[in-house]
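*Asks:* quick one, structure for this:
(one chain, ligands or ions: 1)
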Amino acid sequence: MSERPSSNDPFVAMVTARAEVDLKLSDFRPRSMLVRPTHEILKPKFPVIDYHNHLDAQEPREVLKIIDECGVERVINITMRTGDAGLEVIRKFHSVAPDRFSTYGWMDWSDVAQPGFFQRTLDRFERLVEHGICGMKIWKDLGTKVKDAHGQLLRIDDERLDPLYEKAAELHIPIMYHIADPDAFFLPIDATNERYEELAAHPEWSYHGSFYGKQELLAQRDRVIARHPKTIFVGAHVAEHPEDLAYVSHLLERNPNLHVDIGARCAELGRQPYTAREFFVKYADRILFGTDLIPEVGMYRLHYRFLETRDEYFEYPSHASRQGRWNIYGLFLPDDVLRKVYRENALRLLPRMP
Ligand SMILES: [Zn+2]
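*Replies:* Model (predicted):
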């Protein structure tokens, strides 16, 4: 297993020794020997609104049991269904507990190549608003897959979509962008990719070789946000760039109409705790708590541990394939920051409740 040391000197031999191992990466599950206090937070310090989740497949009453147990006041379901199926999801949740569930609509691109699409999009949007949506999500298929009637990839900043953003401003309905993905998803899936195992589990998540690179996709999105200052935008997943919080800070500075959610990005934020804590404190009014994970008591509690404690080096909340081989550090956010991030910022973005 070991390679022969290249020197006869025992110290040089020791510090230069290396080994080639044939342990499979997926069998390697090291347990940390670090001894530090562990604080399990059963209930959050303040009520929580989960501003980013997907509940289409869940039973509302089952979700209620879970969120009651761990102090979640309301969950925003970003439905991934369109047309009548989308309306049915709204009914399913709002009829059980309108004070605990809200719904984001999903863009319907199914007939994008048919004449009249952009007007129809406006009509659909207004219909969804009449049925009580609290926001509209635009996903990463825009800019990577959606093609117009001429077979051209639709740009994120295509001006034919401007009336939608203007209508959203008029109706006070936020637009959530999930455009692009982690930087590593745009790189080859190879031994240098820090999300190798995640991409191996989901090769379809790779954008390596996409027509527009990540910087260009973000630039298109950023132009739209700047072009519609009266429209409220939510940049999902820390505006898709938690790897570079200086970029996100700059974006927030330039665009007072922008908020960001932290859905599925504890791993990114928690591996840079000094920078992330400063970011939360500085932009406390602009950051939304969101999970983007199947509702489970332990999942929510891990988020509270991340945001409330100063625990060190623990596992981040994640989907089964994990995001990368690192651990996170708690941010011990001050109470006024927690209150805003957990709930108050989301309340400001939600339509006035009936
Ligand atoms: Zn999501």
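*Asks:* where does residue 302 fall, secondary structure wise?
*Replies:* If you go by DSSP states H and E, residue 302 is part of helix 297-308.
*Asks:* following the chain past the helix or strand of the chain with the lowest mean pLDDT, name the next helix or strand.
*Replies:* In the chain, no helix or strand scores lower on mean pLDDT, DSSP states H and E than helix 10-16, which sits at a mean of 94. Moving toward the C-terminus from helix 10-16, the next helix or strand (DSSP H and E) is strand 48-53.
*Asks:* so what strands line up beside that following strand?
*Replies:* Paired neighbours of strand 48-53 in the sheet (DSSP bridges): strand 72-78 (parallel).
*Asks:* which element follows the strand it pairs with toward the C-terminus?
*Replies:* helix 83-94.
*Asks:* taking strand 72-78 as reference, get the angle to that next one.
*Replies:* On the basis of axes from the mean of the first three to the mean of the last three Cα atoms, to 10 degrees, helix 83-94 is oriented at 180 degrees to strand 72-78.
*Asks:* for helix 83-94, name the packing helices and strands.
*Replies:* strand 101-106, helix 117-130 (3 or more Cβ pairs under 8 Å, 6 or more residues apart in numbering; DSSP states H and E). (Glycine included, C-beta is placed from N, CA and C.)
*Asks:* who does the shortest one touch, helix- and strand-wise?
*Replies:* Where contact means 3+ Cβ pairs under 8 Å, 6+ apart, strand 101-106 is packed against strand 72-78, helix 83-94, strand 135-138.
*Asks:* next one, pLDDT for residue 352 please.
*Replies:* For residue 352, the pLDDT comes out at 72.
*Asks:* SS state for it?
*Replies:* coil (DSSP: H, G, I helix; E, B strand; the rest coil).
*Asks:* and it, how far from residue 132?
*Replies:* Residue 352 is 12 Å from residue 132, where distance means Cβ to Cβ, to the nearest Å.
*Asks:* so the two - more neighbours on which side?
*Replies:* residue 132 (16 against 6; other Cβ atoms under 10 Å).
*Asks:* and that one, helix, strand or coil?
*Replies:* Applying three-state DSSP: residue 132 is coil.
*Asks:* that one against residue 103, yeah?
*Replies:* Yes. With contact defined as Cβ atoms under 8 Å, residue 132 reaches residue 103; the gap is 6.9 Å.
*Asks:* between the two, what contacts are shared?
*Replies:* 90, 94 (Cβ atoms under 8 Å, 6 or more residues apart in numbering).
*Asks:* any regions of this protein where pLDDT drops low?
*Replies:* Applying pLDDT under 70 to the chain flags residues 1-6, 353-354.
*Asks:* mind running it again at 50?
*Replies:* For the chain, the stretches with pLDDT under 50 are 354.
*Asks:* circling back: how about the helices and strands packed on strand 101-106, which one is nearest residue 298?
*Replies:* strand 72-78 (13.1 Å; Cβ to Cβ).
*Asks:* which outside residues touch that closest one?
*Replies:* With Cβ under 8 Å, 6+ apart as the criterion, strand 72-78 contacts 44, 47-56, 63, 66-67, 89, 93, 99-104, 106, 134-135, 137, 176, 290, 295, 300, 343, 346.
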